[in-house]
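[1] Give me the fold of what follows.
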Amino acid sequence: MTFEDEINRRIKGREAKNASSGAVIPEVWDIRELKLREVVKSEIDSALRPVQRKLDLIEKQLNTISGLLNQEAEQEVITLRDISHEQAKAEIEELFKNTTDSLYYSDIMEQLGIDLELVVSVCNELLDEGKIEYGDEGARTIPGRSND
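    Sure thing, here's the model as predicted:
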């Protein structure tokens with residue numbers, strides 16, 4: 001209800017009461033009260049706008065977090081094997097031999113089920129030995145180089 005609607009509603013109510021008694025009651029105080037209420041309401045609304053924006057942002061962030069948690073819950077669980085450094089090195093070298101694609105550490109970890117720290121250690125060793133190289137797309141076998 002607008003300010004004017006509220007004033008008209010109150011005036012009509014008073015007129016109905018006054019018509020039956022014949023008395024004339026000034027509406028000045030009621031109008032001032034309504035104007036004060038409208039000002040206070042406006043100030044409260046203005047003060048609440050930033051709070052509402054923050055609440056909207058928090059709600060959006062919670063929805064994003066919830067979506068990410070749901071995605072993680074749906075992702076495959078990787079079972080890591082407990083293998084020696086030597087076995088890991090042999091398996092990683094074999095993986096590089098059998099692919100022409102660049103591989104990220106996470107790719108190697110997922111495909112072979114080897115702990116990430118061990119994957120990084122072995123890849124650094126293969127890099128030092130000149131068997132692989134790093135590029136923008138991950139590690140890969142050096143073209144034309146045999147890993148035997």
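
[2] And the helices in this protein?
    Assigned by DSSP state H, the helices in the chain fall at 3-21, 28-74, 85-97, 105-112, 116-128.

[3] Those helices: which one's closest to residue 137?
    For the helices of the chain, the distance to residue 137 is smallest for helix 105-112, at 10.6 Å, taking Cβ to Cβ. Bear in mind the C-beta positions are built from the backbone N, C-alpha and C, glycine included.

[4] Outside of that closest one itself, list whatever touches it.
    Here helix 105-112 makes contact (Cβ atoms under 8 Å, 6 or more residues apart in numbering) with 78, 80-81, 88, 91-92, 95, 114-116, 119-120, 123, 138-139.

[5] Reformat the helices of the chain as CSV; add distance to residue 134.
    As requested, the helices of the chain are exported to CSV (distance: least, Cβ to Cβ, whole Å):
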stretch, distance to residue 134
helix 3-21, 70
helix 28-74, 28
helix 85-97, 12
helix 105-112, 11
helix 116-128, 7
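
[6] Columns mean neighbour count and mean pLDDT on top of the ones you listed, output as TSV?
    Converted to TSV, the helices of the chain look like this (neighbours: other Cβ atoms under 10 Å; pLDDT from 0 to 100):
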stretch	mean neighbour count	mean pLDDT
helix 3-21	12	64
helix 28-74	10	84
helix 85-97	16	93
helix 105-112	17	91
helix 116-128	16	93
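
[7] where's the spatially most central residue of the chain relative to residue 54, distance?
    Geometric centre of the chain, nearest residue: residue 64, 3.4 Å, by Cα atoms, centre = their mean. Residue 64 sits 15 Å away from residue 54, going by Cβ to Cβ, to the nearest Å.

[8] Farthest-apart pair in the contacts of helix 105-112, please.
    81 and 138 (21.5 Å).

[9] Neighbour count for these two, which is higher?
    Neighbour tally, residue 81 and residue 138, criterion other Cβ atoms under 10 Å: the higher count belongs to residue 138, 16 against 12.
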